[in-house]
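In: For reference, the sequence and a predicted model appear below.
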Amino acid sequence: MASAPQDRPRQTRLNININAQTEAALRRYAAKHELTVPEVVRRFVGMADSIEAWRDTGHEILVRKNGSVERVAWVY
């Protein structure tokens, strides 16, 4: 039995223009993780939303490599 329309998440179609570098990055990530490009965009938006929420509440984003820790500076 099909779900009632109110039970399904609302979908919005979004058309955007991106440069070749951004397209290549999306396609590379999609291929590497066996995802569709729209799914990659959904995931990246979710990650960006989480990062922004953490920053808004005073958290720092850190990268640890080989025992060294660096603070990530986000520049828009």
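Out: Everything's here; your move.

In: For the residue most central in space within the chain, what is the enclosing helix or strand?
Out: Among the residues of the chain, residue 44 comes closest to the average C-alpha position under Cα atoms, centre = their mean, at 0.7 Å. Here residue 44 sits within helix 37-56, counting by DSSP states H and E.

In: what ranges do the strands span in this protein?
Out: If DSSP state E is used as the criterion, the strands of the chain fall at 62-65, 68-71.

In: From the contact counts, what lies against the last one?
Out: When you say that, I think you mean strand 68-71. For strand 68-71, the contact count by 3 or more Cβ pairs under 8 Å, 6 or more residues apart in numbering; DSSP states H and E identifies strand 62-65 as packing neighbours. For the C-beta atoms, the positions are set from N, CA and C on the backbone; glycine is no exception.

In: Could you check the pLDDT of residue 76?
Out: The pLDDT attached to residue 76 in the predicted structure is 67.

In: Please read the previous query as pertaining to residue 8.
Out: Per-residue confidence (pLDDT) for residue 8: 81.

In: phi, psi of it?
Out: The main-chain torsion angles of residue 8 are listed as degrees, to the nearest 10 and equal phi -100, psi 140.

In: ok, it to residue 20 distance?
Out: Using Cβ to Cβ, to the nearest Å, one obtains 35 Å as the distance from residue 8 to residue 20.

In: and if you look at residue 33?
Out: Between residue 33 and residue 20 the distance, using Cβ to Cβ, works out to 21 Å.

In: do the same with residue 40
Out: Relative to residue 20, and taking Cβ to Cβ, residue 40 is found at 16 Å.

In: In terms of neighbours, single out the busier of those two.
Out: Remark: of residue 40 and residue 20, residue 40 carries more neighbours, 19 against 7, as counted by other Cβ atoms under 10 Å.
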